[in-house]
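**Student:** need a structure here:
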Amino acid sequence: MRISFCPKLESFPDSGFPPMLRRLELFSCGGLKSLPHNYNSCPLAVLTIQCSPFLKCFPNGELPTTLKKLHIGDCQSLESLPEGLMHHNSTSSSNTCCLEDLYIQNCSSLNSFPTGELPSTLKNLSISGCTNLESVSEKMSPNSTALEYLRLERYPNLKSRQRCLDSLRELLINDCGGLECFPERGLSIPNLEYLEIKRCENLKSLTHQMRNLKSLRSLIISQCPGLESFPEEGLASNLKSLLIVGCMNLKTPISEWGLDTLTSLSQLTIRNMFPNMVSFPDEECLLPISLTSLTINGMESLASLALGNLISLRSLDISYCPNLRPLGLLPATLAQLDICGCPTIEERYLKEGGEYWSNVAHIPLISKRS
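**Tutor:** Take a look at the predicted model:
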């Protein structure tokens, strides 16, 4: 059953919902104040409540034991989550919640979780825009968890991720101003494949022992102005994709990133970084020959490139490097060249008859973006 855009709907009959209801979706029912008290007697598998600003709580604090997915968004008056959401270690507890997906978004009045542990069956957890919600504590994470996807966004009270999450594959932490560091002992997430950290302005350093993240394939670090250093031990050894954007105070030079040791790295993006760098790579920085895609953007002092050793490079994107003059020897494997905001390069290389047109004429796809 789906009910959408019924702004005058405030409540449901005392008789509740149809007894065999499996899926209930309520969208933009702005006047909704309560659910029927026996809603948890239905065999609900999916419950979605979106844009109900006057809903304050769940009746009886319980959830249907059949519920797999709970999505709550833009319920600004919601003060509490149902007690039945959490598991308790007590043998007398009758809680059999088997929730797999929990999404909570823009619930500004929500300030705490119920006591207990998150369900061990939980696979996907997303918390976004809950500005007063307490940090997810270590005691709330079950010892045996199925959690594979964790997204924490616009969550200022987040302090640190500490618990071992053996099954986690994707971790996204965005707009979390309270995050300053990762645990001293590092992150113990052996199966993590994707890590994204964006706009965490107070983050000063990445997790120690990142090289222990053997399964990590993709790393994105963007707009973290407080970030000053990379781990001394280097980055995750099996990375395939690395994107670093707008970390203007990063003091660790590229030569100390250990890029040459990342033998699986195929995509590298560096954007709005190192305003004083003149040449890339420099004599102390070697790029892995496994690179197939390279993007360089917003390096205002960059004057020269040296990419001849990248024997696998297929795509090169250079943007807003106004002082860049010679491209140097380009790999014969290059199939795509994109140029934007590099006036000297555009004049000398991209015009037929230009001084260095013959150096790039063999590339099948050349694009000059405006």
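
**Student:** tell me the phi and psi of Glu83?
**Tutor:** phi -60, psi -30 (degrees, to the nearest 10).

**Student:** these two touch, right, it and Ser112?
**Tutor:** No - the criterion here is CB atoms under 8 Å, and Glu83 misses it with Ser112 at 11.7 Å. Placement of C-beta: from N, CA and C, glycine included.

**Student:** Who are the contact partners of Leu227?
**Tutor:** When contacts are counted by CB atoms under 8 Å, 6 or more residues apart in numbering, Leu227 touches Leu203, Lys204, Ser205, Leu206, Ile221, Cys247, Asn249, Leu250.

**Student:** List phi and psi for it.
**Tutor:** phi -70, psi 120.

**Student:** ditto for Asn359
**Tutor:** Phi and psi for Asn359, reported as degrees, to the nearest 10, are phi -70, psi -20.

**Student:** Can you tell me how far it is from Ile49?
**Tutor:** With the distance defined as CB to CB, to the nearest Å, Asn359 ends up 60 Å from Ile49.

**Student:** of the two, who's got more company?
**Tutor:** Counting neighbours by other CB atoms under 10 Å for Asn359 and for Ile49 shows that Ile49 has the greater number, 21 against 16.

**Student:** packing partners for the helix or strand hosting that one?
**Tutor:** Counting by DSSP states H and E, the element that carries Ile49 is strand 46-50. Judged by 3 or more CB pairs under 8 Å, 6 or more residues apart in numbering; DSSP states H and E, strand 46-50 is in contact with strand 23-27, strand 69-73.

**Student:** Put together TSV for the ones you listed, with mean pLDDT and mean neighbour count on each row.
**Tutor:** Below are those laid out as TSV (pLDDT from 0 to 100; neighbours: other CB atoms under 10 Å):
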stretch	mean pLDDT	mean neighbour count
strand 23-27	95	17
strand 69-73	96	19
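
**Student:** Tabulate the ones you listed (TSV), appending distance to Glu153.
**Tutor:** TSV is the format used below for the helices and strands packed on strand 46-50 (distance: least, CB to CB, whole Å):
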stretch	distance to Glu153
strand 23-27	21
strand 69-73	12
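
**Student:** just so I know, which of the ones you listed lies nearest Leu99?
**Tutor:** With CB to CB as the criterion, Leu99 lies closest to strand 69-73 of the helices and strands packed on strand 46-50, at 6.1 Å.

**Student:** Can you name the element that comes right after that closest one?
**Tutor:** Downstream of strand 69-73 (by DSSP H and E), the next one is strand 101-105.

**Student:** before we move on, the earlier item: quick check: the farthest pair among the contacts of Leu227?
**Tutor:** It's Leu206 and Asn249 that sit farthest apart of those, by CB to CB, at 13.7 Å.

**Student:** which of the two has more neighbours?
**Tutor:** The residue with more neighbours, out of Leu206 and Asn249, is Leu206; 21 against 11, by other CB under 10 Å.

**Student:** Below-threshold pLDDT in the stretch 101-250 of the chain: ranges please.
**Tutor:** 137-144, 160-164, 184-186 (pLDDT under 70).

**Student:** Give me the pLDDT value at Cys340.
**Tutor:** Looking at Cys340, its pLDDT reads 92.

**Student:** wait, what's in contact with it?
**Tutor:** Going by CB under 8 Å, 6+ apart, the list of residues near Cys340 reads Ile318, Ser319, Tyr320, Lys368, Arg369, Ser370.

**Student:** That one pairs with what?
**Tutor:** Ser319 (DSSP bridges).

**Student:** Tell me the spacing between it and Lys69.
**Tutor:** 43 Å.

**Student:** swap in Ser290?
**Tutor:** Taken as CB to CB, the span from Ser290 to Lys69 is 40 Å.

**Student:** Same check on Phe113?
**Tutor:** For Phe113 relative to Lys69 (CB to CB), the value is 18 Å.

**Student:** what's the answer for Gly31, then?
**Tutor:** For Gly31, the distance to Lys69 - CB to CB - is 25 Å.

**Student:** same thing with Asn40?
**Tutor:** For Asn40 relative to Lys69 (CB to CB), the value is 15 Å.

**Student:** And for Pro231?
**Tutor:** From Pro231 to Lys69 the distance is 37 Å (CB to CB).

**Student:** And for Met277, the neighbour number?
**Tutor:** 20.

**Student:** hang on, isn't it packed against Ser301?
**Tutor:** Yes - counting by CB under 8 Å, Ser301 is a contact partner of Met277 at 6.0 Å.
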